[in-house]
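Peer 1: Just the structure for this:
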Amino acid sequence: MNIYSLTFSSKKKMSNVTKKDFELLEEAAEKRGHKLKLIFANDCQLQFSKKTLGIKVDGKKPKDLYALLIRANFLGTDLDFHSSIIKQFELTGIDVINKHSAVIRAKNKVKTLQVLKQNKIPIPHTYVVRSAEHIDQVVKDIGKYPVIMKSFSGSHGLGVAIVESKRGLKSMIELIIEDESTPPLTIQEYIEESSGKDIRVFIVGGKIIAAMERIALARDEFRSNFHLGGEVKRVQLTPKEKKVALAATKACELDMAGVDILRSNKGPRILEVNANPGLEGITKATGIDVAGAIIDYTIERTEKERRKKLRKKKIKKALHIS
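Peer 2: Sure, this is the predicted structure:
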């Protein structure tokens, strides 16, 4: 069986992180007697004609494509058009993992915060700002310095800074936000007891597959991301951590997610819900075949969709419907 995955990388320029992810997925597919085939977003043509709403890949309509694994490896600033490609596959009857609406919720940080808060899922105290005008009140409400400042387009720990003072925060906001077209920033409380550490929970099909703790090795580094040199190790989740990780994934309606958790004195806090979680770090930390779990889930969805379409075809044939 061919297993299809949509990537937003280009054929000529794929990051090492993305390459490694696909190597693990390809290996897992081959172990199960299947073949992983990549569909590049740049090779897709969205079709809108009098009688047809469709999508072509390299100028051809996909023939044996029933389910599509989405690897949403693009930044939030590219969200509108890229999510529209996912939506087009959905509109043509392809079962996608994750759906475009779920990807939007996870990629748009404001939407993520809104969904989590609406579902009473604990998060750090956070503000979204477009200027430094009322920053004194913002920090007063958050609590105190230092605070964490994040850009909307960062990934793998990039675009995140710890800011120690009012002067530094105002300067950074004014430097980054140049005009109304610049994406906003998030200002978040600094949870001292979890500094340099967080937990990544990997969820597929509503089940926790693996969990790891990420630890920053440098003394002056508060970011713990694996691709910034952080140490990773297997971690035992508490019942509350399991509950909030699953709740956050369900709230965002993701089939596959990486949920980042901070351990605070007040209990677990959801830091981020990722629609395109990396595979290398968590596989290394836990020894669990996370890529295999993704492939198994994709196979299950593919076979289910294929059977459903075959049944529809037989019914149409029996009723002589063209």
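Peer 1: Now do the helices in the stretch 101-250 of the chain.
Peer 2: Secondary structure of the stretch 101-250 of the chain by DSSP state H, counting those that start in this stretch: the helices cover 109-118, 135-142, 166-176, 239-251.
Peer 1: what comes up buried for the second one?
Peer 2: Neighbour-count burial for helix 135-142 flags 135, 138-139, 142 (criterion: 16 or more other C-beta atoms under 10 Å). Backbone N, C-alpha and C define where each C-beta goes, glycine included.
Peer 1: that older thread, where among the helices of the stretch 101-250 of the chain is average confidence lowest?
Peer 2: In terms of average pLDDT, helix 166-176 trails the rest of these, at a mean of 90.
Peer 1: Restrict that one to CA atoms and write it as CSV.
Peer 2: The C-alpha trace of helix 166-176 is given here as CSV (Å, rounded to 0.1, in the frame of the first residue of the first chain):
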residue,chain,number,x,y,z
LYS,A,166,10.7,47.1,31.7
ARG,A,167,13.3,48.9,29.6
GLY,A,168,14.4,45.8,27.8
LEU,A,169,10.8,44.7,27.1
LYS,A,170,9.7,48.0,25.7
SER,A,171,12.8,48.2,23.5
MET,A,172,12.3,44.7,22.1
ILE,A,173,8.6,45.3,21.4
GLU,A,174,9.4,48.6,19.6
LEU,A,175,12.2,46.9,17.6
ILE,A,176,10.1,43.9,16.5
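Peer 1: What helices and strands are in contact with the top helix by length along the chain?
Peer 2: Scanning the chain for the longest helix, with DSSP state H as the assignment, gives helix 290-318. The contact analysis (3 or more C-beta pairs under 8 Å, 6 or more residues apart in numbering; DSSP states H and E) places helix 290-318 against strand 2-7, helix 16-31, strand 67-71, strand 95-97, strand 197-204, strand 207-215, helix 280-286.
Peer 1: picking up where we left off before, what about the helices of the stretch 101-250 of the chain, which gets the closest to Lys150?
Peer 2: helix 109-118 (7.5 Å; C-beta to C-beta).
Peer 1: elements contacting the closest one?
Peer 2: Using 3+ C-beta pairs under 8 Å, 6+ apart: helix 109-118 touches helix 100-107, strand 126-129, helix 239-251, strand 267-274.
Peer 1: As JSON lines, those with mean neighbour count would be great.
Peer 2: Formatted as JSON lines, these follow (neighbours: other C-beta atoms under 10 Å):
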{"stretch": "helix 100-107", "mean neighbour count": "22"}
{"stretch": "strand 126-129", "mean neighbour count": "18"}
{"stretch": "helix 239-251", "mean neighbour count": "18"}
{"stretch": "strand 267-274", "mean neighbour count": "22"}
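Peer 1: of all the ones you listed, which lies closest to Asn119?
Peer 2: Across the helices and strands packed on helix 109-118, closest to Asn119 is helix 239-251 (C-beta to C-beta), at 4.3 Å.
Peer 1: which strands and helices sit next to that closest one?
Peer 2: Here helix 239-251 touches helix 109-118, strand 197-204, strand 207-215, strand 256-264, strand 267-274, going by 3+ C-beta pairs under 8 Å, 6+ apart.
Peer 1: shaky segments in the stretch 101-250 of the chain?
Peer 2: 153-157, 218-229 (pLDDT under 70).
Peer 1: so Leu185 touches Val147, yeah?
Peer 2: No: using C-beta atoms under 8 Å, Leu185 is not in contact with Val147; the gap is 10.8 Å.
Peer 1: on that earlier part again, got a markdown table for the helices of the stretch 101-250 of the chain, with distance to Ala285 too?
Peer 2: Output for the helices of the stretch 101-250 of the chain, formatted as a markdown table (distance: least, C-beta to C-beta, whole Å):
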| stretch | distance to Ala285 |
| --- | --- |
| helix 109-118 | 24 |
| helix 135-142 | 32 |
| helix 166-176 | 32 |
| helix 239-251 | 16 |
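Peer 1: Now distance to Glu30 too, for the helices and strands packed on helix 109-118, in CSV please.
Peer 2: Shown next, in CSV, are the helices and strands packed on helix 109-118 (distance: least, C-beta to C-beta, whole Å):
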stretch, distance to Glu30
helix 100-107, 27
strand 126-129, 43
helix 239-251, 28
strand 267-274, 26
